[in-house]
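Build the 3D model from these lines:
(one chain, ligands or ions: 1)
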Amino acid sequence: MPLVDMRDMLNHAYQNNYAIGGFGLVSLDFLEAIIMTAEFCRSPVILNLSEPLFHQQDFSLIMPAVERAAHHAKVPVAIHFDHAKKHESIVQAINLGCNSVMLDVSSETFPVNITQTSRVTEVAHACGTAVEGILGFVGGVEGENAINNLGEVVYTSSEEAKVYVERTKIDFLAVSVGTIHGRQPNRSTKLDFKRLKRINDELGIPLVLHGGSGLVEEQYHKLILNGVAKINCYTELSDIAAAVIRSNSQKNNKKGYIESLHGVKESLQEQIKLYMHLWGSAGRAAEVLIQCRPWQSAEQIILCYVEGHRLQQLDVLIEQSRKTLTTIPGVRQVFSGWAPSELNQYRLCWRIQLSHSDAVNNLQSHPEYIYFFNQLSRSIDPEKISITFAPALSNTEFRFKELVDA
Ligand SMILES: [Zn+2]
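Numbers count the residues shown, from 1 in each chain. This next block holds a predicted model:
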């Protein structure tokens, strides 16, 4: 249940002058360390999954663990998919359970960034998912030496930001005000606070800081006072974990994999705890939980009856529908099958698991769904079709509402 709408979570932080950590995770060690620390500090938290960090691993394999951890957490949690390079990755992330997404086309021209981000916002909002946009170019690469991958840092312009937010309808904006992704050569990063203030005055929406590792306390405070409500942090955590593993190996080079990870989680927890206090999110979990909408997943159930001799004709439709319906944004899984009902009658059932209750309209108006439904109506006596829509208030509580029961 503590998976919450990230819009509510970040608006709370924005209005109350604190920032929530978007802690980058790449493994179960990171996941456990982030959740355990958030619970210890009573802090809301964002699990940040950055697509470029999963180039050697299958992102879909870790998502069930991330989602389960979020649902079982005692503090409010949001799951954000960061720096997606393609529209298809965004749809996959939504269908895998992320409730906030970001397409990174910040290296493209301003009009291209607007067009591609608008397309993402349209799809994501139809599925109930929040969208972070990014304007300006934050150089560097997460987890690496910033100096090796600087690129040309482009600062965010407040005038462009206003147009960008109005046209794309994003929920939060990642800004470029002087930070760089990756390991900073020293702690003297100069930040353009005047620019940040102008952007914040112009937009009035939560701002996001990328390359948030390793600044000094005063800089974090000024960033937060000027609208930054989410701070991404990965490189510092990655370095801490790597240092512990190196130290374990140096003490005894015959250590196996599990032994070499000894102490990694604890060291990550120390650093995350420090940031949760520094950024002011520690102790805020209870008020965030009260004021944020819980994440409302949903299901659509289709029940119908068919004469035994016609069942075989529907085999192809059942098989095809599993494939085509799962391509619709917001459709997470499709279960379908049949069971004997009365004498020579069978009950057919489709259970369509959706990302969010907002995804129901998106499903019902999608051409693939309309085609499937028309095929079904043609194959079965329409009087015997019954559709039940079931928005899930939580994982265990369901409220059923009949849309059609002919
Ligand atoms: Zn980033």
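
in what helix or strand does M36 lie?
In this structure, M36 sits in helix 28-41 according to DSSP states H and E.

CA atoms only for that helix, dumped as PDB, please.
Presented in PDB, the C-alpha positions along helix 28-41 are these (Å, rounded to 0.1, in the frame of the first residue of the first chain):
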ATOM      1  CA  LEU A  28      18.900  -6.000  -4.400                       C
ATOM      2  CA  ASP A  29      21.600  -4.700  -2.000                       C
ATOM      3  CA  PHE A  30      20.800  -1.100  -3.000                       C
ATOM      4  CA  LEU A  31      17.000  -1.800  -2.900                       C
ATOM      5  CA  GLU A  32      17.100  -3.200   0.600                       C
ATOM      6  CA  ALA A  33      19.500  -0.500   1.900                       C
ATOM      7  CA  ILE A  34      17.300   2.300   0.500                       C
ATOM      8  CA  ILE A  35      14.000   0.900   1.900                       C
ATOM      9  CA  MET A  36      15.500   0.000   5.300                       C
ATOM     10  CA  THR A  37      17.000   3.500   5.700                       C
ATOM     11  CA  ALA A  38      13.800   5.200   4.600                       C
ATOM     12  CA  GLU A  39      11.900   3.200   7.200                       C
ATOM     13  CA  PHE A  40      14.500   3.900   9.900                       C
ATOM     14  CA  CYS A  41      14.400   7.700   9.100                       C
END
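
contacts for the helix or strand just after that helix?
Helices and strands here follow DSSP H and E; after helix 28-41, the next one along the chain is strand 45-50. Identification of contacts with strand 45-50 by C-beta atoms under 8 Å, 6 or more residues apart in numbering yields 6, 9, 20-25, 31, 34-35, 37-38, 59, 62-63, 66, 69-70, 73, 75-83, 93, 98, 100, 142, 230, 232, 234, 276, 281. Quick note: C-beta positions are derived from backbone N, CA and C, even for glycine.

Please list the members of those residues that lie in helices.
If you go by DSSP state H, those have 6, 9, 31, 34-35, 37-38, 59, 62-63, 66, 69-70, 93, 276 in helices.

which of those residues lies closest to L354?
A93 (15.0 Å; C-beta to C-beta).

Which other helices and strands does the helix holding M36 contact?
Contacts defined by 3 or more C-beta pairs under 8 Å, 6 or more residues apart in numbering; DSSP states H and E place helix 28-41 against strand 20-24, strand 45-50, helix 59-72, helix 235-251, helix 264-278.

Include mean neighbour count, mean pLDDT and distance to K190 when you put those into CSV, please.
Formatted as CSV, those follow (neighbours: other C-beta atoms under 10 Å; pLDDT from 0 to 100; distance: least, C-beta to C-beta, whole Å):
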stretch, mean neighbour count, mean pLDDT, distance to K190
strand 20-24, 27, 97, 23
strand 45-50, 26, 97, 25
helix 59-72, 16, 95, 35
helix 235-251, 16, 92, 18
helix 264-278, 19, 97, 20
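
partners of the residue most central in space within the chain in the sheet?
Nearest to the centroid of the C-alpha atoms of the chain, with distances taken as C-alpha atoms, centre = their mean, sits H80, at 2.7 Å. For H80, the beta-bridge partners are N48, S100 (DSSP bridges).

likewise H181?
If you apply DSSP bridges, the partners that H181 bridges to are G140.

My read is that the residue nearest to the centre of the chain contacts G22, right?
Yes. Here H80 lies in contact with G22, judged by C-beta atoms under 8 Å, at a distance of 5.9 Å.

Secondary structure class of the residue sitting furthest away from the middle of the chain, three-state.
The centre of the chain is farthest from one residue, L343, which by C-alpha atoms, centre = their mean lies 47.6 Å away. With DSSP: H, G, I helix; E, B strand; the rest coil as the basis, L343 sits in coil.

and it, what are its phi and psi?
For L343, the backbone dihedrals (degrees, to the nearest 10) come out as phi -60, psi 120.

Report pLDDT for it.
L343 is assigned 74 on the pLDDT scale.

any idea how far it is from Y305?
12 Å (C-beta to C-beta, to the nearest Å).

Would you enumerate the residues in contact with T37?
S43, V45, L268, Q269, I272, K273, M276.

Out of those residues, which two are the most distant from each other?
The distance between the two most remote of those (C-beta to C-beta) is 14.6 Å, for S43 and L268.

where does the protein dip in pLDDT?
For the chain, the stretches with pLDDT under 70 are 1, 139-152, 183-188, 382-383, 389-406.

which parts of stretch 88-104 are buried?
By neighbour count on 16 or more other C-beta atoms under 10 Å, the buried set for stretch 88-104 is 89-104.

so what are the domain limits for the protein?
Annotated domains of the chain cover 6-291, 298-405 [automatic domain parsing].

any idea how far the nearest residue to L354 once chain neighbours are set aside is from T129?
Take L354 and drop its neighbours on the chain: the residue closest to it by C-beta to C-beta, 6 or more residues apart in numbering is A298, 4.5 Å away. Using C-beta to C-beta, we find A298 at a distance of 13 Å from T129.
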